[in-house]
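> here is my input, please return the structure:
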Amino acid sequence: MGVHMGVLNDKAAIVTGAGRGIGKGHALTLGAAGAAVVVNDVDIDEAAAVVKEIDRAGGRAVASSADIATREGAKQLVAQCVAEFGSIDIDVNNAGISRDRSFLKMTDDEFTDVWRVHVMGTFWCAQESAIHMRDSGRGGSIVNTVSAAQMGNFGQTNYAAAKGAIASMTFTWALELARYGIRVNAVSPAATTRLSQTFKGPDGKPVDMPFLDPALNGPMVVFLSSDGGNYITGQVFGTGADRVALMEHPKYGATMRKEGGWSLEDLQAEFKPNLGDKLEPIGIQKKPYPFYDGIHAPEKD
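As a prediction, the model looks like this:
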């Protein structure tokens, strides 16, 4: 797998959504680097197949079908890791679902199902893991999963919101958990998976994507969780294919200042010449800002 045996030799990891795709790649790469792995997936047969693969390659792994979209499932998953392997050192929150629908048609269930798996599942697994990591005194590594969809993606209100929330949680946890030797980062993986098949362009039509090997995301997860990566926290990385990209955190950019604050008249006079040509492009495609001609309701016949 291109990973040096042994950098994670005395460490135990959980990977959620690891039955196929990106999570499977993470689990195999962690196993090849010496970590003992709990392979978690709602499809226990897929999880068991990954465990067999890790075993055959000389690693150690067990399967879990705990439902991480519940507090109880997250607790069970972490407890299984501690019971089987004596500790939990690495928590990779990868599990996800998509329920794509345009915003005006999206149902409450389509929103909350995605939110519960991605955001609450990540929150529950990370919190249960971090409590064990703190109490053990060993520290640890939490790796969350985000997506370029948080920049805006047609038909993905639920998924974009969830991924933006996970990025913000990553930054917050990194600040809070550093004192316990726990670092928290996120990967934004590129890969051809069942989830990526739903990607749509700015026109809302499916886009043909080249094949990207899901396993190419695993080495960065190993690096972030190894002692060699112990100085890295609160970061989001674009991984997979041929790149590792450092994502810039949201930050305030071009700014106008006026003593005493801005009146409506001031804004009407000053906004366009100062900030008007700096409006941010929207969405994954990052085209130049497209709305300078104004946004108008369709004319009635």
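> which other helices and strands contact the host helix or strand of residue 113?
Per DSSP states H and E: residue 113 is located in helix 108-115. Using 3 or more C-beta pairs under 8 Å, 6 or more residues apart in numbering; DSSP states H and E, the elements in contact with helix 108-115 are helix 157-177. Every residue, glycine included, has its C-beta placed from N, CA and C.
> same question for the helix it packs on, mean pLDDT?
Mean pLDDT, computed over helix 157-177, is 98.
> any idea how far that helix is from the chain center?
8 Å (C-alpha atoms, centre = their mean, to the nearest Å).
> report how many residues lie close to residue 138.
For residue 138, the neighbour count with other C-beta atoms under 10 Å is 16.
> specify the local secondary structure of it.
coil (DSSP: H, G, I helix; E, B strand; the rest coil).
> was I right about it contacting residue 89?
Yes: at 6.3 Å, residue 138 counts as touching residue 89 under the criterion of C-beta atoms under 8 Å.
> same for the helix or strand containing residue 31, what does it pack against?
Assigned by DSSP H and E, residue 31 belongs to helix 21-32. For helix 21-32, the packing partners by 3+ C-beta pairs under 8 Å, 6+ apart come out as strand 12-15, strand 36-40, helix 44-56, strand 60-64, strand 90-92, helix 218-225.
> need the ones you listed in TSV (columns: distance to residue 260 and mean pLDDT).
Putting those into TSV (distance: least, C-beta to C-beta, whole Å; pLDDT from 0 to 100) gives the following:
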stretch	distance to residue 260	mean pLDDT
strand 12-15	54	98
strand 36-40	56	98
helix 44-56	62	98
strand 60-64	60	98
strand 90-92	49	98
helix 218-225	47	97
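> so for residue 245, which of these sits nearest?
Of all these, helix 218-225 sits nearest to residue 245, with 10.5 Å by C-beta to C-beta.
> so what secondary structure elements neighbour the following helix or strand past that closest one?
Sequence order places strand 236-239 as the next helix or strand after helix 218-225, per DSSP H and E. For strand 236-239, the packing partners by 3+ C-beta pairs under 8 Å, 6+ apart come out as strand 182-189, helix 218-225, strand 245-246.
> turn those into a markdown table, including distance to residue 132.
Below are the helices and strands packed on strand 236-239 laid out as a markdown table (distance: least, C-beta to C-beta, whole Å):
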| stretch | distance to residue 132 |
| --- | --- |
| strand 182-189 | 10 |
| helix 218-225 | 15 |
| strand 245-246 | 29 |
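> residue ranges with poor pLDDT in this protein?
Residues of the chain meeting the criterion pLDDT under 70: 1-5, 193-210.
> beta partners for the residue nearest to the spatial centre of the chain?
Closest to where the C-alpha atoms of the chain average out (C-alpha atoms, centre = their mean) is residue 145, at 1.4 Å. With DSSP bridges as the criterion, residue 145 is bridged to residue 187.
> residue 159 versus that one, what's the distance?
12 Å (C-beta to C-beta, to the nearest Å).
> shared neighbours, the two?
Common neighbours of residue 145 and residue 159 (criterion: C-beta atoms under 8 Å, 6 or more residues apart in numbering): residue 96.
> so residue 77 is in which element?
Mapping residue 77 onto the secondary structure by DSSP H and E places it in helix 71-85.
> and that helix, what's buried?
73, 74, 75, 76, 77, 78, 80, 81, 85 (16 or more other C-beta atoms under 10 Å).
> how much space separates the third one from residue 261?
Residue 75 sits 49 Å away from residue 261 when distances are taken as C-beta to C-beta.
> now the fourth one
According to C-beta to C-beta, residue 76 stands 53 Å off from residue 261.
> follow-up on the earlier one: how about CSV for the helices and strands packed on helix 21-32, with distance to residue 116 and mean neighbour count added?
As requested, the helices and strands packed on helix 21-32 are arranged in CSV below (distance: least, C-beta to C-beta, whole Å; neighbours: other C-beta atoms under 10 Å):
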stretch, distance to residue 116, mean neighbour count
strand 12-15, 19, 29
strand 36-40, 16, 30
helix 44-56, 20, 17
strand 60-64, 18, 21
strand 90-92, 18, 30
helix 218-225, 24, 25
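> could those go into a markdown table alongside distance to residue 231?
As requested, the helices and strands packed on helix 21-32 are exported to a markdown table (distance: least, C-beta to C-beta, whole Å):
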| stretch | distance to residue 231 |
| --- | --- |
| strand 12-15 | 20 |
| strand 36-40 | 24 |
| helix 44-56 | 29 |
| strand 60-64 | 28 |
| strand 90-92 | 17 |
| helix 218-225 | 11 |
